[in-house]
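Chemist: sharing a model that was predicted from the sequence below.
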Amino acid sequence: MNTSGAGLSAAQRQRALGAVIAAAAGDALGAPYEFQPPVLDSEEIDMIGGGVLDWQPGEWTDETAMAIVVLEASLASAGDHDLRIETAQDHIAREWYSWSLGTPDIGTLTSQVVRTAAALAREDGHYAPRAKDFRAAAASAHEELPASAGNGSLMRVHASVLPYLLSPEEHAVEAIEAVCRLTHVHPDTIEASILWGLAVRHAIVTGEVDVRVGLPHLPEERRGLWGERIAEAEESTPVMFRRNGWVVGAFQAAWSAVSQITPIPEGKFAQRDALVAALEAAARAGYDTDTVTCITGSLLGAALGYKAVPPEWRRALFGWPGYDLAELKGLVERVIAPMIEMADEGVGA
């Protein structure tokens, strides 16, 4: 949805592509190091494939797969490109369920929500769960494990903001929360997603990296806590946040990786080196590496554009649902097409 009266610039288009492609590259880079302890500085980090789940080099995991569904849902929402409407969320629920039946990698909390949602749908006479089933399942999971705040919503939030680059910020916040609540309802998950999602949106629109830009959208009594968490990340390294399966730990590890290379240098080669350094630092943190590297890539790609991702990494990318780089790029271009058309038609000139 675009209500700004002007279209995306060429640089903004490149950065929109960068958010998704760099997130996928981070995902594939971190995949072979997932579930393992931190990687020593003496060891190289590369898109080598393998790991516990035996990924192919360049193959993305659940992070990018679930984000692709969100992007496709925006195209399926009766032409509105609006993730806030129920038909779009039903699409997400149905496709996440279909994807879950064959994936080797799915978060613990997300898996529980999907199973419960499927059971609720069957009780109601439906083969596949709908959005309301997912929301009920997410609420049930939170009641059973109220302290559980996984990072599953954070890894895909860059996809939630893409249709709202030129819409009021409040619309983006509503979409972030709507998609988040399909699987995660803990306040930490919702707030982390709002902060990171708005930071990605801000980076695409302005080229600037600022994870604090979303603080005014959090409850007033929570802003100080998040300010402290952000400051702690800036004073640390990603490896210091060992609990990165927790949404706050993943957020802090990713922001720590980004902070290490800011201010962002001038020049495309220096920027490419900075992005690689940040992703390698995120991967060295160990444990839930594909998620942390994906989150890191989403924000830096949003600021730098997709060409900041090394060409050899871009060429290697592929994954569910049988996409390669060209198809992933094409999907993003279709999502942002209405915003490009406004510029091409001279709207607001």
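Modeler: All right, it came through fine.

Chemist: grab the CA positions of the helix or strand encompassing residue 281 and hand them over as PDB.
Modeler: Element membership for residue 281 (DSSP states H and E) is helix 268-284. This file holds the C-alpha atoms of helix 268-284, laid out as PDB (Å, rounded to 0.1, in the frame of the first residue of the first chain):
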ATOM      1  CA  LYS A 268      31.200  -0.100  -3.100                       C
ATOM      2  CA  PHE A 269      34.200  -2.300  -2.300                       C
ATOM      3  CA  ALA A 270      34.600  -1.000   1.200                       C
ATOM      4  CA  GLN A 271      30.900  -1.400   1.800                       C
ATOM      5  CA  ARG A 272      31.100  -5.000   0.500                       C
ATOM      6  CA  ASP A 273      33.900  -5.700   2.800                       C
ATOM      7  CA  ALA A 274      31.900  -4.200   5.700                       C
ATOM      8  CA  LEU A 275      28.900  -6.400   5.000                       C
ATOM      9  CA  VAL A 276      31.100  -9.500   4.800                       C
ATOM     10  CA  ALA A 277      32.800  -8.600   8.000                       C
ATOM     11  CA  ALA A 278      29.500  -8.200   9.800                       C
ATOM     12  CA  LEU A 279      28.100 -11.400   8.500                       C
ATOM     13  CA  GLU A 280      31.200 -13.300   9.400                       C
ATOM     14  CA  ALA A 281      31.100 -11.900  13.000                       C
ATOM     15  CA  ALA A 282      27.500 -12.900  13.300                       C
ATOM     16  CA  ALA A 283      28.300 -16.500  12.100                       C
ATOM     17  CA  ARG A 284      31.100 -16.800  14.500                       C
END
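
Chemist: in that helix, what counts as buried?
Modeler: 271, 272, 274, 275, 276, 278, 279, 280, 281, 282, 283, 284 (16 or more other CB atoms under 10 Å). For the C-beta atoms, the positions are set from N, CA and C on the backbone; glycine is no exception.

Chemist: what sits up against it?
Modeler: Helix 268-284 is contacted from outside by 22, 25-26, 29-30, 33, 38-39, 41, 45, 237-239, 253-254, 256-258, 260-261, 264-265, 289, 292-293, 295-297, 300-301, 304, 307-310, using CB atoms under 8 Å, 6 or more residues apart in numbering.

Chemist: out of the buried residues of helix 268-284, which is nearest to residue 120?
Modeler: Nearest to residue 120 out of these is residue 282 (CB to CB; 36.0 Å).

Chemist: shaky segments in the stretch 51-200 of the chain?
Modeler: Residue ranges of the stretch 51-200 of the chain with pLDDT under 70: 77-80.

Chemist: same thing but 90
Modeler: 76-81, 102-111, 124, 127, 143-152 (pLDDT under 90).

Chemist: buried subset of the contacts of helix 268-284?
Modeler: 22, 25-26, 29-30, 33, 38-39, 45, 237-239, 253-254, 256-258, 260-261, 264, 289, 292-293, 295-297, 300-301, 304, 307-310.

Chemist: quick one: the strands in this structure, in order.
Modeler: Using DSSP state E, the strands of the chain run over residues 318-319, 323-324.

Chemist: now render those strands as JSON lines, adding mean neighbour count and distance to residue 122.
Modeler: Shown next, in JSON lines, are the strands of the chain (neighbours: other CB atoms under 10 Å; distance: least, CB to CB, whole Å):
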{"stretch": "strand 318-319", "mean neighbour count": "20", "distance to residue 122": "29"}
{"stretch": "strand 323-324", "mean neighbour count": "16", "distance to residue 122": "30"}
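
Chemist: would CSV of the ones you listed with distance to residue 190 and mean pLDDT be doable?
Modeler: Listed next are the strands of the chain as CSV, based on distance: least, CB to CB, whole Å; pLDDT from 0 to 100:
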stretch, distance to residue 190, mean pLDDT
strand 318-319, 27, 96
strand 323-324, 29, 96
